[in-house]
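Engineer: output the structure for:
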Amino acid sequence: MSNDVLPLPAAWVHENPTMSTIDDLLRHIALPRMVRVRQLFADDALADVAAALREEMRATPIAALVKPGARIAVAVGSRGLADLPLVVNVVVDELKQRGARPFIVPAMGSHGGATAEGQTALLAALGVTEASAGCPIVSSMATVELGRLRNGLPVYMDEQAMQADGIVVVNRVKPHTSFSGPSESGLVKMLSIGLGKQKGAESCHALGFAQMAQNIVEMARVKLQHAPILFGVATVENAYEKISRVAAVPASDIIARDAELLQEAKHNMPCILFNPLDVLVVDRMGKEYSGTGMDPHITGRTSTPYVETRQQVTRMVVLDLSDKSKGNATGMGLADICSRRLVAKVDYDATYANHLTSTVVWHAKVPMTLPSDQRAIQAAVKTCNVPELARLRMVRIPNTLHLEHVEISEPMLDEAARHAQIEVLGEPRPWPFDADGNLTDLGH
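Structural biologist: This next block holds a predicted model:
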């Protein structure tokens, strides 16, 4: 056997290709002109959310559950629900009108840095404060164990909530980003994970997302049996992030009603009305748009194999991280390509903490990183395996939550003109890059 040392491949020697190398590979990749279009979805928002919620809470099955003098914990979470401060204020006010003494407990698992102060601050960032709600906020990470599932997982409950005479759970019902099941993100998940604090969230995630759909329901059953849950207040939003339904649900009906509302929420979700795509360009990812930064129900890119999606995308590029994410780039690895701007904003401690809790780590990886928006998009076009620009199916979206106004590549214009839910808003135009190759209308 020869002892000769083989030379390293050139790509290994030059781990960081020069700008000119990238330019040589990508500068001649043509980009299609883009056309701004409007996607039309059902807009069935409630005209008066407060009035609808008060009617729900004054119905006999709910009103009878509230006893004068009862100290009631109102569980409020950490996602950007539409009209959250209003919903919380109405719930608190209705409880007070019946003589109860409500207080808020943050129900957000490990969010807010898994500290009592951090969770209170996160509620404030969502517009929920003692002043806005009209009651105290009692934040603590302390929990009590209520029992164990048959698989051995402990079931934890917020200690402050357990000391109350009753508990009311407030949450939006919507599809989860990492698993599909009868209940996903809603009242059941708020009971099992949100009110479990950091220890409860860690326990529920311990066996991975393959068993999550079953575990959240079983943990919720334990809490419904052993904790003083009175009722839940659920909201369902339409495609424009407006509340289309509010429901006050007695504890005994929470599991069944949560599943029914989930089907309604899935029907209401916005989507990209073009499928399949060769290239999807996402201007910004962020925690305010999705728990995974970019909603897999929109992109078709999932963090686990346990999510049912329809969208097909060959190459996905993401260009920026929202300021509200505060460096948490959870889900960036779902993209194939990103910009150097995005990577410069990543707080790896915050990002990795999110993944260590969820136990899903691969989509924390950094995608192929290009020096500018232009080069990132060109790289996606170059590698999507469509030989003719005249056939390229490309869509650009501001983020995965706001999908009313998007841009499509010029070859898709005839398809858009025939689509009953598409309104063409302008003429084809070139990409608006500045001198550095970055978009001048990012996120618009």
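Engineer: what residue ranges in the protein score low on pLDDT?
Structural biologist: Along the chain, segments meeting pLDDT under 70 span 1-19.
Engineer: how is it divided into domains?
Structural biologist: As assigned by automatic domain parsing, the chain contains the domains 26-41+271-424, 49-268.
Engineer: any chance of TSV for these, columns mean neighbour count and distance to residue 438?
Structural biologist: All C-beta spots, glycine's among them, are computed from the backbone N, C-alpha and C. Shown next, in TSV, are the domains of the chain (neighbours: other CB atoms under 10 Å; distance: least, CB to CB, whole Å):
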stretch	mean neighbour count	distance to residue 438
domain 26-41+271-424	19	5
domain 49-268	20	27
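Engineer: quick one: residues contacting residue 207.
Structural biologist: Residues near residue 207 by CB atoms under 8 Å, 6 or more residues apart in numbering: 151, 153, 215.
Engineer: still on that earlier bit, now the domains of the chain in JSON lines, with distance to residue 440?
Structural biologist: Below are the domains of the chain laid out as JSON lines (distance: least, CB to CB, whole Å):
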{"stretch": "domain 26-41+271-424", "distance to residue 440": "10"}
{"stretch": "domain 49-268", "distance to residue 440": "26"}
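Engineer: these: which one's closest to residue 441?
Structural biologist: Across the domains of the chain, residue 441 has its closest neighbour in domain 26-41+271-424 (8.7 Å, CB to CB).
Engineer: now the nearest residue to residue 114 once chain neighbours are set aside: which helix or strand?
Structural biologist: Using CB to CB, 6 or more residues apart in numbering and skipping the chain neighbours, the partner closest in space to residue 114 is residue 198 (4.2 Å). Per DSSP states H and E, residue 198 falls inside helix 197-205.
Engineer: picking that back up, nearest to residue 99 among the contacts of residue 207?
Structural biologist: Of those, the one sitting nearest to residue 99 (CB to CB) turns out to be residue 215, at 37.2 Å.
Engineer: quick one: contacts of the helix or strand harbouring the closest one?
Structural biologist: Per DSSP H and E: residue 215 is located in helix 212-226. Here helix 212-226 makes contact (CB under 8 Å, 6+ apart) with 146-147, 149-151, 153, 155, 157, 176, 178-184, 188-189, 191-193, 195-196, 200, 204-205, 207, 229, 251-252, 254-255, 306.
Engineer: same check on stretch 106-117?
Structural biologist: 75-78, 118-123, 137, 139-141, 158, 161, 169, 171, 190, 193-198, 200-202, 353, 357.
Engineer: so residue 146 sits in a strand?
Structural biologist: Yes - the assignment for residue 146 is a strand, going by DSSP: H, G, I helix; E, B strand; the rest coil.
Engineer: can you pull the contacts of it?
Structural biologist: Contacts of residue 146 (CB under 8 Å, 6+ apart): 155-157, 222-223, 226-227.
Engineer: right, and the residue nearest to residue 114 touches residue 140 too?
Structural biologist: No - using CB atoms under 8 Å, residue 198 makes no contact with residue 140, being 11.2 Å away.
Engineer: so what's residue 432 closest to, chain neighbours aside?
Structural biologist: Nearest-residue entry for residue 432: residue 440, 4.7 Å, with adjacent residues in sequence omitted and distances by CB to CB, 6+ apart.
Engineer: that's all I had, so thanks and see you.
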